[in-house]
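Undergrad: I need the structure of the sequence given here:
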Amino acid sequence: MSSMLGLKFRVDCPYFTTFREPTSTSLILSYVIPPYTTIRGMISNALGLPRDDLRVQDWFKIGIKPLEFEKYREMAKILKLKGTGKKYERTFPSSPMFREFLVEPSYEIFLVGNEKKIKGVHSALLNPKRPLYLGGSDDLVDIEIFEPVEVEEMEVEEIRSVVEGVYESCIVEKVPYKFVKVGRTFGVDYKVVSIPIKNPIKGVFKSISFGEGDNIWVN
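TA: Residues are numbered from 1 along each chain as shown. As a prediction, the model looks like this:
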């Protein structure tokens, strides 16, 4: 077993949010967990990094433990725009479509990395350079931040966090994991993960122990 530094924080969306699946078109579908790219984006916001600065992708591994989420669907009229980010034109007709959203979801997020990076992120989350949100830019979050702790890698037979792969009695999703630069643009790497609903996932897992029963799969 090896010794590392870990950081745990809880995020609560006080109203509702959507973690939009980028490939959804006629329906606006939502993941039930914040993608890894979304979590890194929130941390980059706390640090005040520029939009396309991807440094945090190499700083630590991430674990996600869902605490509460309920998915609903509404009918929404979507205004379709085309533009560069600085200027938009309405070139497509608006149309009603179904939109999925989560009501008051909450999660525990776990980071594992070297001492300097973990302490830097801890400090940034306590005093963020920009407002923190998950999902849309209006979906602000409440954050409870714990002190960094030394963590250990260990093997367990059940786990309550998100894990890679397909397991029974779970929600299985293919979520964005990290951005990859392809020429002048960016592509996305995905991971297929299983998300526990009520009961722990059974199996043999290499996990990170944060103490107090928090055995978390990180990647």
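Undergrad: now the element after the helix or strand of the chain with the lowest mean pLDDT, going C-ward?
TA: Counting by mean pLDDT, DSSP states H and E, the chain has its least confident helix or strand at strand 88-89, which shows a mean of 59. Using DSSP states H and E, the next helix or strand after strand 88-89 towards the C-terminus is strand 95-103.
Undergrad: which strands or helices does that next one pack on?
TA: Secondary-structure packing of strand 95-103 (3 or more Cβ pairs under 8 Å, 6 or more residues apart in numbering; DSSP states H and E): strand 16-17, strand 30-31, strand 71-78. (C-beta placed from N, C-alpha, C; glycine too.)
Undergrad: tell me what angle the longest one forms with strand 95-103.
TA: For strand 71-78 against strand 95-103, the angle by axes from the mean of the first three to the mean of the last three Cα atoms, to 10 degrees is 150 degrees.
Undergrad: tell me the strands beside strand 71-78, with direction?
TA: Paired neighbours of strand 71-78 in the sheet (DSSP bridges): strand 95-103 (antiparallel).
Undergrad: CA atoms only for the strand it pairs with, dumped as CSV, please.
TA: Only the C-alpha atoms of strand 95-103 are listed here, as CSV (Å, rounded to 0.1, in the frame of the first residue of the first chain):
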residue,chain,number,x,y,z
SER,A,95,-38.7,24.0,-31.3
PRO,A,96,-40.2,22.3,-28.2
MET,A,97,-38.3,19.3,-26.9
PHE,A,98,-38.0,17.2,-23.8
ARG,A,99,-35.2,18.2,-21.3
GLU,A,100,-34.0,16.1,-18.5
PHE,A,101,-32.9,17.7,-15.2
LEU,A,102,-31.9,16.7,-11.7
VAL,A,103,-33.5,18.2,-8.6
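Undergrad: pull the CA atoms of the following helix or strand past that strand into CSV?
TA: Downstream of strand 95-103, the first helix or strand assigned by DSSP H and E is strand 106-113. Provided in CSV are the C-alpha atoms of strand 106-113 (Å, rounded to 0.1, in the frame of the first residue of the first chain):
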residue,chain,number,x,y,z
SER,A,106,-25.6,16.1,-4.1
TYR,A,107,-22.3,14.3,-4.4
GLU,A,108,-19.1,13.8,-2.5
ILE,A,109,-16.0,14.4,-4.7
PHE,A,110,-12.6,12.9,-3.8
LEU,A,111,-9.2,14.0,-5.2
VAL,A,112,-5.9,12.1,-4.8
GLY,A,113,-2.6,13.6,-5.7
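Undergrad: mean confidence score for stretch 100-109?
TA: In this model, stretch 100-109 has a mean pLDDT of 91.
Undergrad: how far does it sit from the chain's center?
TA: Distance, stretch centre to chain centre, for stretch 100-109: 10 Å (Cα atoms, centre = their mean, to the nearest Å).
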